[in-house]
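Trainee: Provided below are the primary sequence and the corresponding predicted coordinates.
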Amino acid sequence: MNLFRLSFRMLRRDWRAGELRILVLALMIAVSSITTVGFFADRVELALSRESNRLLGADLLVIGDRPLSAHYADKAEQLGLNTATLTRFSSMASKEENNLLAEIRAVSTGYPLRGELRLAHTASEILTEERTYVAQGIPSPGTVWIDEKLMAGLDITPGETLELGATRMTVAALVAREPDYSVGFINMGARLLMNADDLVATHPIQPGSRVTYQLLVAGEEKQVAEFRSWAQKQLVPGQRIEGIRDARPEIRSALERAEKFLSLTALASVVVAAAAMALAVRRFTQRHLDGCAIMRCLGASQSTILHLYLYHFVILGLVASGLGCLLGFVAQEFLSHWLAGLVETSLPLPSGLPAVHGLLSGMVLLLGFSLPPLLNLRRVPALRVLRRDFGITNLHGLAGYAFGLLALSILFIWEAGELRMGILVMLGFMAAIAVFALLGWVLIKLLMLVRQQAASAWRYGLANIRRRTIASLVQSIALGLGLMAMLVLTLIQSDLLRDWRTSLPPNTPNRFLINIQPDQLQPLAEFFAQHGMQQPDFYPMVRGRLMTINGQPVRIDDDTEARKKQLLNREFNLSWADKLQSDNEIVAGRWWQGADSPENELSLEEEVAGIIGVKLGDRLTFDIAGSPFSATITSLRKVNWDTFRVNFFVIARPGELDAYPINYVTSFYLPPSQVGVMHELVKSFPHLLVVDVATVIEQVQKMIAQVSRAIEFVFLFTLLAGFIVLYAAISATQDERIYEAAIFRTLGAKRRQLVRAWAAEFAILGGLVGIFASAGASVLAYVIAQYVLHVPYTFNAWIWLVGILVGMIGVTIAGLLGTRSTLTHPPLWTLRKVG
Amino acid sequence: MAHPIVRTDSLTKQVDTGDNRLTILQDISLEVNAGESIAIVGASGSGKSTLLGLLAGLDVPTSGHVYLDGEDIFLLDEDERAALRSRLLGFMFQSFQLLPALTAIENVMLPLELAGINDARRAAQALLERVGLGMRLKHYPRQLSGGEQQRVAIARAFVTQPKMLFADEPTGNLDSATGAQIIELMFELNRERGTTLVLVTHDEALSTRCSRQIRMASGRIIH
């Protein structure tokens, strides 16, 4: 008979005999929590990017300054993707004596591919979302849809006609909301939507006017990705590709944070599951020492034993992980139904990748934690059959877990999706384990000092803990990690999410005013005062193109990275400021203190500096309205884009840019009830450009809500894994404990005495668990707040109280439940069962 | 039939106990002929079990040799000794040492399976029926009485048709009536199969059934 078959049969026998239940359960929970997170994250991520894509009106845009060649559309259609076109340019729209320069958008059937266009019949309807309606299709030929700004500027209402280029067009509806309205600072001024078929008839495009041609593409993620990589290679100068991640930095930042938080949640469940696995494998090994000794005695070689159990674990791992994947799939299916009301569209089906991920994670976890004990198991001396005290000395040693920790590290990096974060969190856990071990050891030693003064039950409990110092430490650390994850995900998670939510307060600016001339500052301030609105800050700015870096002309060629090209192709908005804005932080160099240097100085946003490849001390020359302006970079700033306040990539010291043509920009919060004020503003200041970012903010807030929900659900899994840890921890020493208790009872110990002694032992153990968990959770919360979410950390004293109490009560109850069979069965029964 | 199947040559076992070296076995030389039944007797701590462990190659001596079927077992490595045990030896223990996760028949099949012998089930079932446990094949050890567990152990010991059977206090955990039945069964099988018996015992009834007694005290054989 070959070893594999024998191993399979032994596995079946072990299963029948109930030897594997904890291990299988632990592995199943481990894998299902990983896969639930995986499947769900996969779906949410797909949904999030799709939701975000609504802001683009598509999954992807191909943008060019000349008509795009047909092969882009052909390729997209060939891949089964939906397409539409959008041509954007400025043109004068007029009605009688009223003229207004409007941004014209000529769209083809199918627009928008993502998101929706909402229309209204009257200006007042625009104000309330419920009274607007979703556009069916695009404007029919000969008609246009206009926004409120154009309506106000031309004093026109639906049903009337306006002149556009050579033709008269009928205004059919008012645009209440466009999906792609606020992406990028490109949508300014009055807007008009028309049918692309009318372009030929109207000839509104004047020679020399700036036209942007867009191909909108949407469809299955895989095909979109394929199209993107194909199209990337086809781009000619003047063309670029834009997905949501290339557009607004705040959307990108919110998406990235959402992903980080989800992967972090996955990490927590991985740790808890690993703790359960470690305990379960340890118990398995212990229970198989005798069996291995007998087999050695009966003639099995070391390699036979190793192979036997290796096959054993591989089969076990595949079956349990497979079941875990299945369970994970069912759980996430349940979750997405539960969240169905929250997400507007149905969640896209997950890819198969999380299942593969789950299966591999399960095997890595299982083998990581079982290989070292298995390698030990084969070395069990055959003499153990005669002398039971012959065994394996380092079975409980932490060194045995090193391999498991390595496996866990691999999973960490994998789950985190980035090396730095994976290593950071892993190192954090390793450090926590080392500190816990030391702390626990010291605490046990200290408790021993007071042992003689303690009541008998406590004395017995302490004696038991001391006798099993290493095992007790291993158990309380594993349980501590489980409880820590739970604390992080309950108390701390709600703290963090609250902080995160409040990082985007309800009065976050939702309107930007651009192109404010210096002489308008005063009237504008008066306008705000008149309408009882808070005075916004006005930021000066000049526009300049970057010409040279350290005297070397800036070159843009085909090899230039896309984002760099995008930055260098356009003009920078240069501003100046005396003081650093509160949402800015200096990460290199120093902010100027008055005019302490004869040199012109600049402060750059660090990410932009990285993209264009400049550093502190570099000298940049900009061309501002035909005149050069040179300055040296003296500081780099990190900008928190999520505040939605006005921020600049480039800031100069006050006074340096005074000689150049200045205009101002501001942002402010406009409550929905005051939307009407905007009509007056537009009327009073016709040349101002108003940018509405309310949609973007809404989108970001919705994403945050969705992610919070997802995390709360995943927390349930971590909690379940935590219970398995508890169960495994209790079971790990159960045989020993039951056996001892039977002897105690034989020697005349009363039931009550035993219960008290155990309760004391479990309570001490639980106290240790609580201390570890609270300490770990506090540190982890600090790290998450500081480095992941970038919100200030607030200490929560409840964690310590709840952690220690839950630890003590939970472990005591579970421990007593786990060992109750000793109390309900006669000692002889127990002795025979174990012996 | 008179050649020694077990032979030891100046077998000595010492262990370090911190400051001292404790001699457990000293200079043991003995021969056991094929088909013989030998009882090693002596007080607790006289070194009987240590001697049995060394004879079976479960432990290594400080000095001296053990020859099983002519082979010096301490020239072999641990795995080669395991293979030799599989080929030549059967075991019985005071605490039965059945695997709790396996049923009676599976426990008996195990040595055959480890030796890669096909049709383990049939051989195991036949032997279990022979020891009177035909109705208990699928019972787990904990569902069997002490006497029944030791019968399973006997079946397991004989299933590979070993040349030698080593038994450590096989009746030590049994009452005298059950012990007597086990002794009877063991000797019946011993006769049927011509197995050499080496057993360690306190049980007078058992030792007198053997063809020879080796008496030990303080790690030496007393003649």
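Mentor: Received the coordinates, thanks.
Trainee: so residue B:39 belongs to a strand, correct?
Mentor: Yes - checked against DSSP: H, G, I helix; E, B strand; the rest coil, residue B:39 lies within a strand.
Trainee: wait, it sits on residue B:214?
Mentor: Yes - look at residue B:39 against residue B:214 with C-beta atoms under 8 Å: they come within range, at 7.1 Å. (Each C-beta comes from the backbone N, C-alpha and C, glycine too.)
Trainee: need the residues touching each of these two.
Mentor: Common neighbours of residue B:39 and residue B:214, using C-beta atoms under 8 Å, 6 or more residues apart in numbering or on different chains, do not exist here.
Trainee: okay, buried residues for stretch A:587-595 please.
Mentor: For stretch A:587-595, the neighbour count (16 or more other C-beta atoms under 10 Å in any protein chain shown) marks A:588, A:589, A:591, A:592 as buried.
Trainee: those in strands, which ones?
Mentor: A:588, A:589 (DSSP state E).
Trainee: okay, the buried residues of stretch A:587-595 in TSV with pLDDT next?
Mentor: Shown next, in TSV, are these (pLDDT from 0 to 100):
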residue	pLDDT
A:588	88
A:589	88
A:591	87
A:592	85
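Trainee: show me which pair in the buried residues of stretch A:587-595 is furthest apart.
Mentor: Greatest spatial distance in the buried residues of stretch A:587-595: A:588 and A:592, 14.1 Å, computed using C-beta to C-beta.
Trainee: got the end-to-end distance for stretch A:778-787?
Mentor: 14 Å (C-alpha to C-alpha, to the nearest Å).
Trainee: now that stretch: mean pLDDT?
Mentor: Mean pLDDT, stretch A:778-787: 77.
Trainee: and the closest residue to chain A within chain B, how many neighbours does it have?
Mentor: Scanning chain B for the residue nearest chain A gives residue B:86, at 2.2 Å (criterion: C-beta to the nearest C-beta). Counted with other C-beta atoms under 10 Å in any protein chain shown, the neighbours of residue B:86 add up to 23.
Trainee: do a quick rundown of the helices in the stretch 351-500 of chain A.
Mentor: Under the criterion DSSP state H, counting those that start in this stretch, helices of the stretch 351-500 of chain A are mapped to A:353-377, A:402-416, A:419-449, A:456-467, A:469-487, A:493-502.
Trainee: would you format the ones you listed as JSON lines with mean pLDDT included?
Mentor: Output for those, formatted as JSON lines (pLDDT from 0 to 100):
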{"stretch": "helix A:353-377", "mean pLDDT": "85"}
{"stretch": "helix A:402-416", "mean pLDDT": "78"}
{"stretch": "helix A:419-449", "mean pLDDT": "81"}
{"stretch": "helix A:456-467", "mean pLDDT": "78"}
{"stretch": "helix A:469-487", "mean pLDDT": "78"}
{"stretch": "helix A:493-502", "mean pLDDT": "65"}
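Trainee: of these, which is nearest residue A:84?
Mentor: Residue A:84 sits nearest to helix A:353-377 of all these, at 30.2 Å, using C-beta to C-beta.
Trainee: what helices and strands are in contact with the closest one?
Mentor: helix A:21-56, helix A:249-297, helix A:302-338, helix A:402-416 (3 or more C-beta pairs under 8 Å, 6 or more residues apart in numbering or on different chains; DSSP states H and E).
Trainee: max-length helix in chain B?
Mentor: Across chain B, the longest stretch assigned as helix under DSSP state H is helix B:176-193.
Trainee: pick the most buried one from the helices of the stretch 351-500 of chain A.
Mentor: Ranked by mean neighbour count, the helices of the stretch 351-500 of chain A are led by helix A:469-487 with a mean of 26 (mean count of other C-beta atoms under 10 Å in any protein chain shown).
Trainee: next one: it to chain centre, how far?
Mentor: 27 Å (C-alpha atoms, centre = their mean, to the nearest Å).
Trainee: ok and it relative to helix A:456-467, angle-wise?
Mentor: Per axes from the mean of the first three to the mean of the last three C-alpha atoms, to 10 degrees, the angle that helix A:469-487 makes with helix A:456-467 is 100 degrees.
Trainee: output helix A:469-487 as CSV, nothing but the C-alphas.
Mentor: C-alpha atoms of helix A:469-487 as CSV (Å, rounded to 0.1, in the frame of the first residue of the first chain):
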residue,chain,number,x,y,z
THR,A,469,4.7,29.2,31.8
ILE,A,470,5.6,28.9,28.2
ALA,A,471,2.3,27.2,27.2
SER,A,472,0.4,29.8,29.2
LEU,A,473,2.3,32.6,27.4
VAL,A,474,1.7,31.1,24.0
GLN,A,475,-2.0,30.8,24.7
SER,A,476,-2.4,34.2,26.2
ILE,A,477,-0.5,35.8,23.3
ALA,A,478,-2.6,34.0,20.7
LEU,A,479,-5.8,34.9,22.5
GLY,A,480,-4.5,38.4,23.1
LEU,A,481,-4.0,38.9,19.4
GLY,A,482,-7.6,37.7,18.7
LEU,A,483,-9.0,40.0,21.3
MET,A,484,-6.7,42.8,20.1
ALA,A,485,-8.2,42.5,16.6
MET,A,486,-11.6,42.5,18.1
LEU,A,487,-10.9,45.6,20.1
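Trainee: tilt between that helix and helix A:419-449?
Mentor: Helix A:469-487 runs at 130 degrees relative to helix A:419-449, counting by the same axes, to 10 degrees.
Trainee: helix A:469-487 - contacts with which helices or strands?
Mentor: With contacts defined as 3+ C-beta pairs under 8 Å, 6+ apart, the packing partners of helix A:469-487 are helix A:249-297, helix A:419-449, helix A:694-732, helix A:751-783, helix A:798-818.
Trainee: mean pLDDT lowest for which of these?
Mentor: Taking the mean pLDDT of the helices and strands packed on helix A:469-487, helix A:694-732 comes last: a mean of 67.
Trainee: name the nearest residue to the residue in the stretch 151-300 of chain A that chain B sits nearest to, sequence neighbours excluded.
Mentor: Going by C-beta to the nearest C-beta, chain B is nearest to residue A:299 of the stretch 151-300 of chain A, at 2.2 Å. Nearest residue to residue A:299, sequence neighbours excluded (C-beta to C-beta, 6 or more residues apart in numbering or on different chains): residue B:86, at 2.2 Å.
Trainee: hmm, that neighbour is touching residue B:115, no?
Mentor: Yes - counting by C-beta under 8 Å, residue B:115 is a contact partner of residue B:86 at 5.0 Å.
Trainee: winner for burial among the helices and strands packed on helix A:469-487?
Mentor: Taking mean count of other C-beta under 10 Å, helix A:249-297 is the most buried of these, at a mean of 24.
Trainee: rewinding a little: closest one of the buried residues of stretch A:587-595 to residue A:608?
Mentor: Out of the buried residues of stretch A:587-595, the member with the shortest distance to residue A:608 (by C-beta to C-beta) is residue A:588, at 13.2 Å.
Trainee: show me where the stretch 1-150 of chain A has its strands.
Mentor: With DSSP state E, counting those that start in this stretch as the criterion, the stretch 1-150 of chain A has strands at A:60-64, A:82-95, A:98-107, A:118-120, A:133-134, A:143-146.
Trainee: surely residue A:659 is in a strand?
Mentor: No - assigned with three-state DSSP, residue A:659 falls outside any strand and is coil.
Trainee: quick one, phi/psi of the residue nearest to it when sequence neighbours are not counted?
Mentor: Of all residues not flanking residue A:659 in the chain, residue A:627 sits nearest, at 7.8 Å (C-beta to C-beta, 6+ apart). Per-residue torsions, residue A:627: phi -110, psi 140 (degrees, to the nearest 10).
Trainee: go on, the one 3 residues further on?
Mentor: Phi and psi for residue A:630, reported as degrees, to the nearest 10, are phi -110, psi 140.
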